[in-house]
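Enquirer: dropping a prediction and its sequence here:
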Amino acid sequence: MQGRRIVETGHFLQGMVFTGQDEEHDYYYDNGTFCSCAVKRIDGKREGPVTIQDRTGRVIAKLVYSNDSINGNCTRNFSDYKLVCDVKDNIMHGYYWKYDKNDNIIPKDGLRLSEETVTATQPILKTKELPLNVRFISGGGITESDCDVTIDPSSIKVAGDSRIIDDMESIEIGTIDLSSFSSGYEHTFAIELPDGVQNLTGVSDAKVTVEVNGSHTKTFTTSNIACKGVSNGNHATIDTKEIEVTLRALSQDALNRVKPEDITVVADLSDYGSTTGQIIVNAKVSVAGHDNVGAVGDVIVTVTIYKD
């Protein structure tokens, strides 16, 4: 099977993406939709009538091949009209007709046409193989360089306007906070593309696996819990008296040097405004004097907010 290529400008099938062939079929993408046709080959060259259809049976184009080139009266269906014309050596030749969805002829008023030849133009599409990646937020005593990361698939092929594709070097599919897990992480992200860019691979999501290399964890119990960001006119009390915190570092010695009094748990109440009553808050953990040690996992404390 041959590799993908954009059908060249001026060709009757321009803008479609030829993805390959076997002995009896040709394969295409049309605006991101997979389609195919059965073909008769004589001495390796296409001959005779051909109908290109998508998986639902919708007709994309009806062609006539002669000596491996499109020749004769042909039809191509677009989203809002049908084009019928004569084609010579793959190029629209002579008169053409456009029909709406009810098979009514669309008037040509306002179009400048020669009596012999009509050439259709559209933006030139370009294909490109782009790697998939994720953005990492360092935390829990490690950075991205301390991890083995696998993305499956690792890349996809896309097509789009060359002005867009030329500026794309990779596709970011998500963000991973390294403090959210201790040793391993697995998640499936949707592959989202900019407007006007087609995914030719047919895969809509990617599985990301992260393994932390050579890290160590240790659990501490601390009562050093505080809150901040209490609104004016309110005060708060910490209902959680003690909490277990799991710390991670690349060195066991680094963890052994940590003392419970080095650990502070802080609940930020800035987003709660004038709320009163008991609430459950995700808190942040800091480890004073130990730059290469950090907390992993969620730390939750209970706080009660009162009016002054």
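Expert: Cool, got the structure.
Enquirer: only C-alpha atoms for contact and neighbour calcs from this point on.
Expert: Noted.
Enquirer: which stretches in this structure count as helices?
Expert: Here the chain has its helices, by DSSP state H, at 162-165, 252-256.
Enquirer: deepest-packed of the ones you listed, please.
Expert: helix 162-165 (a mean of 16; mean count of other C-alpha atoms under 10 Å).
Enquirer: tell me the mean pLDDT over that helix?
Expert: In this model, helix 162-165 has a mean pLDDT of 85.
Enquirer: including distance to N67, could the helices of the chain go into TSV?
Expert: Output for the helices of the chain, formatted as TSV (distance: least, C-alpha to C-alpha, whole Å):
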stretch	distance to N67
helix 162-165	32
helix 252-256	73
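Enquirer: which of these sits closest to Q21?
Expert: Shortest distance between Q21 and those, using C-alpha to C-alpha, is found for helix 162-165: 25.2 Å.
Enquirer: what's the closest one packed up against?
Expert: strand 125-137 (3 or more C-alpha pairs under 8 Å, 6 or more residues apart in numbering; DSSP states H and E).
Enquirer: hmm, who's touching the strand it packs on?
Expert: Strand 125-137 has contacts (C-alpha atoms under 8 Å, 6 or more residues apart in numbering) with 5-6, 15, 143-144, 151, 153-162, 165, 168-178.
Enquirer: and with 6 Å instead?
Expert: With contacts defined as C-alpha atoms under 6 Å, 6 or more residues apart in numbering, strand 125-137 is touched by 154-162, 170-178.
Enquirer: pLDDT value on N232, please?
Expert: 90.
Enquirer: residues touching it, list them.
Expert: N232 touches nothing, counting by C-alpha under 6 Å, 6+ apart.
Enquirer: cool, the one 10 residues further on as well?
Expert: With contacts defined as C-alpha under 6 Å, 6+ apart, the neighbours of E242 are T222, S223.
Enquirer: if I look at it, how far off is T275?
Expert: 24 Å (C-alpha to C-alpha, to the nearest Å).
Enquirer: can you get me a residue count around A236?
Expert: By other C-alpha atoms under 10 Å, 21 other residues sit near A236.
Enquirer: what about it, distance to Y185?
Expert: With C-alpha to C-alpha as the criterion, A236 and Y185 are 36 Å apart.
Enquirer: strands along the stretch 51-200 of the chain, start to end?
Expert: Using DSSP state E, counting those that start in this stretch, the strands of the stretch 51-200 of the chain run over 59-66, 69-70, 72-77, 82-88, 91-99, 125-137, 147-152, 155-161, 171-177, 184-190, 197-199.
Enquirer: looking at those, spot the one closest to H290.
Expert: Among the strands of the stretch 51-200 of the chain, strand 125-137 sits nearest to H290 (C-alpha to C-alpha), with 18.7 Å.
Enquirer: spatially central residue in the protein, please.
Expert: I191 (2.0 Å; C-alpha atoms, centre = their mean).
Enquirer: how close does it get to I225?
Expert: I191 sits 40 Å away from I225, going by C-alpha to C-alpha.
Enquirer: could you do A267 as well?
Expert: Using C-alpha to C-alpha, A267 is found at 8 Å from I225.
Enquirer: of these two, which one has the most company?
Expert: Neighbour count, other C-alpha under 10 Å: between A267 and I225, A267 has more, with 23 against 20.
Enquirer: remind me which residues of the chain are low pLDDT?
Expert: 1-10, 94-95, 108-125 (pLDDT under 70).
Enquirer: same thing but 80
Expert: 1-12, 14-15, 93-96, 107-125, 202 (pLDDT under 80).
Enquirer: how close does V265 sit to T246?
Expert: V265 is 12 Å from T246, by C-alpha to C-alpha.
Enquirer: okay, those two: which has more neighbours?
Expert: V265 (22 against 18).
Enquirer: my guess is the more buried one contacts S223, does it?
Expert: No - the criterion here is C-alpha atoms under 6 Å, and V265 misses it with S223 at 8.4 Å.
Enquirer: okay, now A159: neighbour count?
Expert: Residues lying near A159 (other C-alpha under 10 Å) number 23.
Enquirer: and for it, nearest residue in space, chain neighbours not counted?
Expert: Using C-alpha to C-alpha, 6 or more residues apart in numbering and skipping the chain neighbours, the partner closest in space to A159 is T127 (4.2 Å).
Enquirer: go on, V230?
Expert: Closest to V230 by C-alpha to C-alpha, 6+ apart is L269, at 5.6 Å.
Enquirer: re earlier: give me the buried entries from the contacts of strand 125-137.
Expert: Those of the contacts of strand 125-137 that meet the buried threshold are S155, I156, K157, V158, A159, G160, S162, I171, I173, G174, I176, L178, by 16 or more other C-alpha atoms under 10 Å.
Enquirer: which residues touch the third one?
Expert: Neighbour list for K157: K128, E129, L200, T201 [criterion: C-alpha under 6 Å, 6+ apart].
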